[in-house]
Structures are given as C-alpha cells and as structure tokens.
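> below are the sequence and a predicted model; questions follow.
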Amino acid sequence: MEHLTIAQINLLIKNYGFKAAYSLKVENLTATWHALCGMGIPKERLCLAPEAEYPFASALLLLVAQYRPFIKGSLLPAYYFASNAAYHKANALVNELTAKGYFAKRIEVPLAALVEQAGLGTLCKNSMLDIAGFGTRTVLFTLATNACMPDDNLPQKPQGCGNCTICSSACPAQAINADFGLDPSRCIRTYMESAPMPNWVMERLNGFLGCEVCQAACPRNAFIEPVKPADDALLAFELRRLLRGELKAASAYAGKNMCTRARLIAQAAALCALTKRHDLLDEVLALTNHELCSICEAAIWAKGILQSALES
Ligand code: SF4
Ligand code: SF4
C-alpha cells in the first residue's frame with residue numbers, strides 16, 4: 001500500500017485533536033533508569049525492541065496532545081482529563097488507519113528513550129519531557145504503523161535544564177535534586193496509587209490523581225494559559241459526592257482505570273482535611289471502618305485533622 005505523506009498524516013491527526021505527530025524510525029530503545037522514571041508503567045510492559053516486535057512497521061508515530069492546566073487552587077487533574085480524552089482519540093485513529101488497510105497499533109515504549117534517541121525531546125529535571133518546544137503539558141502516544149515512513153525533518157530538541165532549579169525549589173516534597181533530577185521515591189505521585197498513602201504524602205496533596213506543582217512552576221510551560229474547569233467537571237469531583245462513592249461522573253472525565261475507589265475516595269478524604277471541609281466530617285467518619293485500607297487510613301488521618309481543628 002502507498003504510504004501516507006507527512007502532510008496527510010498531519011491532516012489526519014488534527015481531526016482527532018492532536019497537536020502534532022512525528023514519524024520516527026523503528027529502532028530498539030535503550031531504557032536507562034532515567035528514561036523509565038516517572039512513566040508509571042512496569043518495565044516488563046514496555047516495548048524496548050519495536051524493531052524485533054513489529055518488523056512490518058515502517059515508522060513509530062509519536063502523537064502529541066497538548067492540554068491547559070486548571071487555574072490555581074483547582075483540585076481537578078487536568079492532565080488525566082486530557083490523557084483520557086487523547087487515549088480514546090488515539091484508539092479511534094488506530095481504527096481509521098486499520099480501516100484504510102494499514103497496520104497500526106498503540107504501543108507502550110519508554111518515551112524518554114524514544115524522543116531522546118530521535119533528537120526530538122528533552123528529559124527535564126522533573127522527569128517530564130519537553131517535545132519540540134511544546135513544553136511538558138502534553139500527552140503522548142506511540143503507534144507502530146506501516147502507514148508512513150520516518151520523517152527526516154524533525155524539529156530540534158529543546159535545550160536541557162542547565163542550571164535552572166525552579167521546579168526543585170517549588171516541589172513540596174523535595175523530590176527534585178537540582179543536579180541529578182527526580183528521585184521517584186520522594187515524588188508524591190509515586191504514592192497516589194491504590195495502596196494507603198503515607199501521612200507525609202497526604203499532608204502534601206494538592207489535587208486529585210497527581211501533582212503538577214513542578215510543571216506549574218516550569219518556565220517551559222509559561223506560555224500555556226490556565227483554564228477554569230467546566231461546571232460539570234467540578235460537580236463530578238465534588239468532595240461529598242466522591243466520599244459517598246459516586247465515582248461514575250469523575251471516571252467519565254479521568255478514565256475508570258485512574259478513578260478506582262481505593263484511589264479516589266481516599267484522596268477525597270485527605271483533601272477534605274486539607275481544604276478544611278468540616279461540613280463533611282460525618283462522611284469522613286463513615287469511611288473510617290471502610291473495607292479498603294487506603295480509604296480507611298486516609299479517613300482516619302482526615303478525621304484527626306478535622307476534629308483537632310474543631311477542638312482548638
Ligand atoms: S512537584 Fe509534585 S510531581 Fe513534581 S516532583 Fe515534586 S512531588 Fe513530584
Ligand atoms: S523548572 Fe527548570 S529545571 Fe525544572 S524542568 Fe523546568 S526548566 Fe527544567
């Protein structure tokens with residue numbers, strides 16, 4: 001089959017809301033620890049040898065979706081909203097390419113290795129990737145495909161972080177070493193999964209599902225204007241609703257894989273304490289015997305904070 005040109009690919013991906021697509025060589029990837037950190041995907045699930053696994057693919061198509069953060073003080077996870085929407089669009093694009101007779105498959109690769117080897121992106125000190133000057137507020141997907149050939153005219157990768165220490169100073173958990181970069185064992189994102197969150201993480205939560213403090217501080221993202229969340233999204237993540245286990249509307253925004261009970265209800269309980277929602281104390285108390293220990297422990301921690309504030 002005839003390959004699509006880069007111009008045709010660009011037209012196609014824009015229909016799905018992607019900002020850019022880069023057609024890269026199918027090469028095996030060297031995943032050093034720094035290329036893996038921050039990905040949140042176990043190494044055994046990553047494809048390190050696309051050349052061997054997809055010998056019939058002519059290119060790896062890197063899709064870039066860009067998102068705007070929510071205004072300061074919002075607890076809603078802008079990245080996960082964008083990631084969920086882009087995930088469905090990437091799958092729809094795969095379906096369209098397949099319907100046209102091409103091979104196309106979404107694959108998980110160590111993105112830092114992919115973009116650094118291609119000379120397209122820079123791994124920043126906070127473990128985020130700056131792709132072709134888009135900043136780090138992006139969602140990235142990779143397709144193995146025979147729909148196009150690698151593009152030789154890729155943009156130059158952005159400069160490295162150099163002596164900048166802005167995110168290191170901004171990080172609430174001192175997780176970014178100004179010389180060596182991110183220490184995932186100190187990053188609060190690492191602990192916002194389904195297991196009980198340690199107290200030091202709950203004390204530092206600044207929103208649902210992730211932490212974006214280092215990205216908010218980074219000058220690479222200064223050109224991206226924050227936006228107010230939609231009213232429906234605010235309702236979906238209303239604390240009372242989440243504490244009562246009503247997660248369906250939140251899942252529609254951030255994806256059901258992210259919005260598990262163990263994660264979202266526990267975070268809602270902790271955020272009640274941090275935002276001084278004494279009016280929700282009864283709901284928090286009702287969770288202190290919850291069968292899931294992440295929820296139970298977060299509720300006990302939140303109860304302690306809310307009650308001691310009432311007593312003082
Ligand atoms: S600011 Fe948040 S996401 Fe960034 S390194 Fe620190 S804890 Fe992790
Ligand atoms: S704030 Fe500075 S050091 Fe941190 S990621 Fe951005 S440019 Fe790099």
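Alright, I've got the coordinates. Ligands and ions are numbered 1, 2, ... in the order given.
> for the stretch 201-312 of the chain, give the residue positioned nearest to ligand 2.
Nearest to ligand 2, among the residues of the stretch 201-312 of the chain, is residue 218, at 3.3 Å (C-beta to the nearest ligand atom). Quick note: C-beta positions are derived from backbone N, CA and C, even for glycine.
> per-residue pLDDT, that residue?
The model reports residue 218 with a pLDDT of 97.
> can you check residue 7 too?
94.
> grab the nearest non-local neighbour of the residue of the stretch 201-312 of the chain closest to ligand 2.
Spatial nearest neighbour of residue 218, excluding adjacent residues (C-beta to C-beta, 6 or more residues apart in numbering): residue 167 at 5.5 Å.
> off-centre distance for stretch 239-257?
Centre-to-centre, stretch 239-257 and its host chain are 18 Å apart (C-alpha atoms, centre = their mean, to the nearest Å).
> quote the end-to-end distance of it.
From its first residue to its last, stretch 239-257 covers 19 Å (C-alpha to C-alpha, to the nearest Å).
> hang on, the earlier thing: which residues does the residue of the stretch 201-312 of the chain closest to ligand 2 contact?
Each residue near residue 218 by C-beta atoms under 8 Å, 6 or more residues apart in numbering is listed here: 124, 126, 128, 135-136, 166-167.
> rerun at 10 Å
Residue 218 makes contact with 124-126, 128, 130, 135-137, 161, 164, 166-167, 170, 212, according to C-beta atoms under 10 Å, 6 or more residues apart in numbering.
> now those residues as TSV including pLDDT and distance to ligand 1?
Formatted as TSV, these follow (pLDDT from 0 to 100; distance: C-beta to the nearest ligand atom, whole Å):
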residue	pLDDT	distance to ligand 1
124	95	10
125	95	9
126	94	5
128	93	8
130	95	15
135	96	15
136	97	10
137	97	13
161	95	13
164	96	14
166	97	11
167	97	7
170	97	6
212	93	7
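> dump those residues into JSON lines; add distance to residue 2, secondary structure and neighbour count as well.
JSON lines is the format used below for these (distance: C-beta to C-beta, whole Å; DSSP: H, G, I helix; E, B strand; the rest coil; neighbours: other C-beta atoms under 10 Å):
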{"residue": "124", "distance to residue 2": "39", "secondary structure": "coil", "neighbour count": "25"}
{"residue": "125", "distance to residue 2": "43", "secondary structure": "coil", "neighbour count": "23"}
{"residue": "126", "distance to residue 2": "42", "secondary structure": "coil", "neighbour count": "25"}
{"residue": "128", "distance to residue 2": "37", "secondary structure": "coil", "neighbour count": "24"}
{"residue": "130", "distance to residue 2": "34", "secondary structure": "strand", "neighbour count": "24"}
{"residue": "135", "distance to residue 2": "35", "secondary structure": "coil", "neighbour count": "21"}
{"residue": "136", "distance to residue 2": "36", "secondary structure": "coil", "neighbour count": "23"}
{"residue": "137", "distance to residue 2": "35", "secondary structure": "coil", "neighbour count": "23"}
{"residue": "161", "distance to residue 2": "42", "secondary structure": "coil", "neighbour count": "21"}
{"residue": "164", "distance to residue 2": "46", "secondary structure": "coil", "neighbour count": "16"}
{"residue": "166", "distance to residue 2": "48", "secondary structure": "helix", "neighbour count": "17"}
{"residue": "167", "distance to residue 2": "45", "secondary structure": "helix", "neighbour count": "27"}
{"residue": "170", "distance to residue 2": "49", "secondary structure": "helix", "neighbour count": "15"}
{"residue": "212", "distance to residue 2": "42", "secondary structure": "coil", "neighbour count": "22"}
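> that concludes my questions; thank you for your assistance.
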